[in-house]
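Peer 1: Predicted model and sequence follow; I will ask about them next.
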Amino acid sequence: MHRLLARSSKACIAGFHTSASRAAITRFNMPAMSPTMTEGTIHQWKVKEGESFSAGDVLLELETDKAQIDVEAPEDGVLAKIVLGDGKKAAVNTPIALLAEEGDDLSNVEMPADEPAAAATEEPAETPKETPKTAAPQPSAPMDHHDLDTSKLKKPLSPAVLSLVLKNHINDLSAIKASGPGGRILKGDVLAHLGLIPYKPAPKPRTSIAPPRDEIVFAKPADSAKRAAKKEDKPLPPNYISKSVAVDELLALRSTLNSQNRTNVSVDDFIAKAATRALQDTVKPPKSTSGIVYNTTAAAFSDSYKGGSFKVFHLAPPTYDFITDSYESSKPYTLNVSSSKSVSSGKTTKSADDEMLDLIGFFADEQPQKQARAVRLTTEDARIDFSVQPKPSVQVELKLQGGPPGKILNDQNAAVFLDRVEYYVRNPSELTI
């Protein structure tokens, strides 16, 4: 801390030292961390004897009557010897350690003598006519911090600056030209005031981490064509497969069973039975459950079927869990059955998959293929044969859906299951066996 002052006075007493290592040893005194501090307790040394440190490193933790403070090193050096150990108390400006420079011999470290006493003993008798030097003599002891007027300071003094001011008995702090932020007096300002180094103003602090405006490069907007390409959303593949199936025989068998056996079997019961048999044909579900769960409402017992929903378990492929490193059961598929509608047997209806393909073709600007129609009017066309006229048929749509978009399209078990459900609905007599 007092390295620079020690060097300025060593020129006068260098002749009394026998080694360079001893000349480099400096005292490290108890710093005054506040104007009212008179003594302090060393809580813990952070640097051990013989270890080097850099400027800004914490040398020790100091306890005062108000707080616990970290004392930082003002410059690079080596901790040659600890005079006052952990837990010891000392007054301000009392030596607590000895500091050295890198490369100094630390084998025989001793407390350096007081500089004023050494300066008094070095006056040679044979040169009494030597002219006195212009430099002011160094004070014998640091001044008391109570004698220092700090009321006019804009910013408080740091421990290093306060120690330097007290050591050099600088009473008038207003004479020191402050170059720190907010009018703070820095260590270099005190040294420049003493004439030890040339005055150099500190660089102006930056209040923002942002670069200057002329160095900011603003992002340019992308081309409109590229933005339109990014916004264009591709249609997602469907997450279902569907089939249309006639339920005339199923409705007739239901009516016959209910009238003969005086039962009240619903259409949902037949479809659930068909789904159970189809699941057994596709996979092997556990014997403890049928794998089909559904809720029957009052509308299922009416003459016109209003549709239903069935949960199909054990059909979807299991999913892999990376956390447990195991396969877990997937969510069940849902078999949705639409309400019944009457369709002429000579008219073909499109399934939901075909309608989805037509919708995708419409967005892709595909022109539908038109079939040529040959119209021939004769007198024979006026005769109607009612025996060959198409008969109306009652149909429903079976839609099996579940999983992410497009996954069920590649599920072979789902396709086989829906085919088997269609078979049992077309042939309900297979369900009574």
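Peer 2: Looks like it arrived, so ask away.

Peer 1: drop to CA atoms for contacts and neighbour counts, all remaining ones
Peer 2: Will do.

Peer 1: Number of residues surrounding the residue nearest to V47 when sequence neighbours are not counted?
Peer 2: Leaving aside its sequence neighbours, V47 sits nearest to L59 (CA to CA, 6 or more residues apart in numbering; 5.5 Å). When neighbours are defined as other CA atoms under 10 Å, L59 has 20 of them.

Peer 1: after the one helix or strand L59 maps to comes which helix or strand?
Peer 2: According to DSSP states H and E, L59 maps onto strand 58-63. Once the chain leaves strand 58-63, the next helix or strand it forms, by DSSP H and E, is strand 68-72.

Peer 1: Report the buried residues of that following strand.
Peer 2: Residues of strand 68-72 classed as buried by neighbour count (16 or more other CA atoms under 10 Å): D70, V71, E72.

Peer 1: Among those, pick out the one closest to Y423, please.
Peer 2: Y423 lies nearest to D70 out of those, by CA to CA, at 86.1 Å.

Peer 1: how near is that closest one to L59?
Peer 2: Distance of D70 to L59, computed by CA to CA, to the nearest Å: 8 Å.

Peer 1: Over to A274?
Peer 2: To L59, A274 is 85 Å away according to CA to CA.

Peer 1: list residues touching both of D70 and L59?
Peer 2: Counting by CA atoms under 8 Å, 6 or more residues apart in numbering, D70 and L59 have no contacts in common.

Peer 1: isn't N264 right next to F270, touching?
Peer 2: No: using CA atoms under 8 Å, N264 makes no contact with F270, being 11.8 Å away.

Peer 1: per-residue pLDDT, the residue nearest the centre of the chain?
Peer 2: In the chain, the C-alpha closest to the average C-alpha coordinate belongs to I323, at a distance of 20.5 Å (CA atoms, centre = their mean). I323 is assigned 86 on the pLDDT scale.

Peer 1: Where does the residue nearest to T282 when sequence neighbours are not counted fall, secondary structure wise?
Peer 2: Closest residue in space to T282, ignoring its immediate chain neighbours: F417 at 5.9 Å, by CA to CA, 6+ apart. Assessed by DSSP H and E, F417 sits inside helix 412-426.

Peer 1: what's the average pLDDT for that helix?
Peer 2: 92.

Peer 1: Can you tell me what sits against it?
Peer 2: Contact partners of helix 412-426, identified using CA under 8 Å, 6+ apart, comprise 241-243, 245-247, 249-250, 270-271, 274-275, 277-279, 281-283, 315-316, 398, 400, 408-409, 430-431.

Peer 1: Could you rerun that using 7 Å?
Peer 2: Residues from elsewhere that reach helix 412-426, judged by CA atoms under 7 Å, 6 or more residues apart in numbering: 245-247, 249-250, 271, 274-275, 278-279, 282, 408, 430.

Peer 1: Go ahead and measure how far it is from the middle of the chain.
Peer 2: Relative to its chain's centre, helix 412-426 lies at 48 Å (CA atoms, centre = their mean, to the nearest Å).

Peer 1: now do stretch 90-97
Peer 2: 48 Å.

Peer 1: now S309: how far from E102?
Peer 2: According to CA to CA, S309 and E102 sit 86 Å apart.

Peer 1: When the two are compared, which one has more neighbours?
Peer 2: Legend: neighbour count by other CA under 10 Å for S309 and E102, higher for S309 (20 against 13).

Peer 1: helix or strand for the more buried one, which one?
Peer 2: Short version, using DSSP H and E: S309 is in strand 308-312.

Peer 1: Only alpha carbons, please: show that strand as PDB.
Peer 2: Output of strand 308-312 as PDB, limited to C-alpha atoms (Å, rounded to 0.1, in the frame of the first residue of the first chain):
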ATOM      1  CA  GLY A 308     -71.800 -42.700 -31.100                       C
ATOM      2  CA  SER A 309     -68.200 -42.600 -29.900                       C
ATOM      3  CA  PHE A 310     -66.100 -45.600 -28.700                       C
ATOM      4  CA  LYS A 311     -62.700 -45.600 -27.000                       C
ATOM      5  CA  VAL A 312     -60.400 -48.300 -28.400                       C
END
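
Peer 1: Strands of the stretch 151-300 of the chain, residue ranges please.
Peer 2: 240-246, 292-294 (DSSP state E, counting those that start in this stretch).

Peer 1: For these, give me a markdown table that also has distance to V394.
Peer 2: Shown next, in a markdown table, are the strands of the stretch 151-300 of the chain (distance: least, CA to CA, whole Å):
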| stretch | distance to V394 |
| --- | --- |
| strand 240-246 | 6 |
| strand 292-294 | 23 |
